[in-house]
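Asker: Provided below are the primary sequence and the corresponding predicted coordinates.
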Amino acid sequence: MLASPAPAGDLAFVTSQNADMVTLVETATGTVLARTPVPGKPAPVAYDPVMGRAYVIAADTGRLFVLDEEGVVRDSLDLGEGAFGLATAVDGGLFVTDWFGARLIHLDRDLQKVWEVPTGAAPAGVAASADGQWVATADRDADAVSIFDARSGALLHRIGTAGAHPFGITWHEGRFWTADVQGDTVSVIDPVSGSLTGQVPTGSHPYAVAFTGGRGFVTNQYDGTLTVFDPASLDVLAEVPVGDYPEGISALPDGTAVAVANWDSDTLAVVNAESLAITAEIDMPSGPRAFGQFTGRQVSP
């Protein structure tokens with residue numbers, strides 16, 4: 001490990017799909033705290049530090065697993081084959097996309113269904129606004145984003161993306177941002193007007209987007225790089241080699257770096273947001289994917 005010192009209690013839950021494993025990492029030091037077997041090819045993940053939970057879905061079965069901050073499985077729920085994208089809600093609940101069923105499900109903190117609504121075809125990623133007002137799905141096969149009222153599930157807008165097959169979706173500074181995996185673009189969506197307001201060119205097959213240090217970062221699967229851009233001007237600032245087939249990406253809690261799961265390298269790479277240097281590479285079990293917000297800072301009891 002080559003990581004710089006950082007406050008303790010900053011955690012990452014990294015799903016390794018090929019290995020049927022979730023690795024819990026203390027990101028300040030790169031220390032692996034636990035490796036938890038999760039059957040069924042875990043891929044999507046969402047960490048909620050306020051609730052002290054990480055949610056993981058087994059992609060092959062659609063079973064939801066709930067882990068505590070020691071990496072212990074505390075609960076599970078069968079959501080059916082097709083359950084995929086995950087995002088936490090401000091009230092401690094959870095949003096889940098159903099790829100095969102073309103729907104979005106809202107669960108409360110007790111994993112009871114609050115509502116479910118139809119989406120566009122093959123919803124992949126899901127993201128909620130920081131204020132709890134909106135939730136949006138990246139509808140891959142519809143080449144669109146669906147925006148809903150997060151409280152009621154009412155459909156507010158359905159907007160075509162700039163590029164084909166939006167996959168990852170992220171909320172940042174009042175807008176939704178999608179990685180359009182077959183369009184080599186990032187689409188910028190305004191939830192108020194329900195319109196496409198901009199786009200960013202990326203490398204080949206972008207997968208997910210994260211923001212930190214005043215910059216946006218996109219994983220480019222086929223190029224093994226990050227596209228770094230200015231969220232205000234949408235100008236591309238750099239292309240950074242990061243590893244083989246990068247997929248999941250999440251900002252570290254202190255705002256200094258992003259963590260990137262490299263599927264073919266079997267590593268978690270930490271990239272400094274300012275220098276763009278790789279400051280740490282942590283070995284992972286086979287096939288780390290970590291699709292979702294997988295980092296956060298533990299909240300003291």
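Answerer: Yes, it's here. Numbers count the residues shown, from 1 in each chain.
Asker: Gly224 reaches Glu247, doesn't it?
Answerer: No - in this structure, Gly224 is not within contact of Glu247 by Cβ atoms under 8 Å, at 11.0 Å. Where you see a C-beta, it was placed from the backbone N, CA and C, and this is true even at glycine.
Asker: ok, those two, which is more surrounded?
Answerer: The residue with more neighbours, out of Gly224 and Glu247, is Glu247; 25 against 19, by other Cβ atoms under 10 Å.
Asker: would you confirm that that one belongs to a helix?
Answerer: No - Glu247 is assigned strand when assessed by DSSP: H, G, I helix; E, B strand; the rest coil, not a helix.
Asker: so what's it up against?
Answerer: With contact set as Cβ atoms under 8 Å, 6 or more residues apart in numbering, Glu247 has these partners: Tyr207, Ala208, Thr219, Gln221, Ala261, Asn262, Trp263, Pro288, Arg289, Ala290, Phe291.
Asker: counting neighbours, what do you get for the second one?
Answerer: By the criterion of other Cβ under 10 Å, Ala208 has 31 neighbours.
Asker: Arg289 too?
Answerer: By the criterion of other Cβ under 10 Å, Arg289 has 26 neighbours.
Asker: can you check the one 10 residues further on too?
Answerer: Residues near Val299, counting by other Cβ under 10 Å, number 12.
Asker: same deal with Pro39?
Answerer: Burial of Pro39, expressed as a neighbour count using other Cβ under 10 Å, amounts to 12.
Asker: and the closest residue to it other than its chain neighbours, what's its pLDDT?
Answerer: Distances taken as Cβ to Cβ, 6 or more residues apart in numbering put Asp20 closest to Pro39, at 5.4 Å, once the chain neighbours are dropped. According to the model's per-residue confidence, Asp20 sits at a pLDDT of 98.
Asker: so Asp20 sits right up against Gly40, yeah?
Answerer: Yes - the pair formed by Asp20 and Gly40 meets the contact definition of Cβ under 8 Å, at 7.1 Å.
Asker: follow-up on the earlier one: turn the contacts of Glu247 into JSON lines, columns for secondary structure and pLDDT.
Answerer: Compiled in JSON lines, these are given as follows (DSSP: H, G, I helix; E, B strand; the rest coil; pLDDT from 0 to 100):
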{"residue": "Tyr207", "secondary structure": "strand", "pLDDT": "98"}
{"residue": "Ala208", "secondary structure": "strand", "pLDDT": "98"}
{"residue": "Thr219", "secondary structure": "strand", "pLDDT": "98"}
{"residue": "Gln221", "secondary structure": "coil", "pLDDT": "98"}
{"residue": "Ala261", "secondary structure": "strand", "pLDDT": "98"}
{"residue": "Asn262", "secondary structure": "strand", "pLDDT": "98"}
{"residue": "Trp263", "secondary structure": "coil", "pLDDT": "98"}
{"residue": "Pro288", "secondary structure": "strand", "pLDDT": "98"}
{"residue": "Arg289", "secondary structure": "coil", "pLDDT": "98"}
{"residue": "Ala290", "secondary structure": "coil", "pLDDT": "98"}
{"residue": "Phe291", "secondary structure": "strand", "pLDDT": "98"}
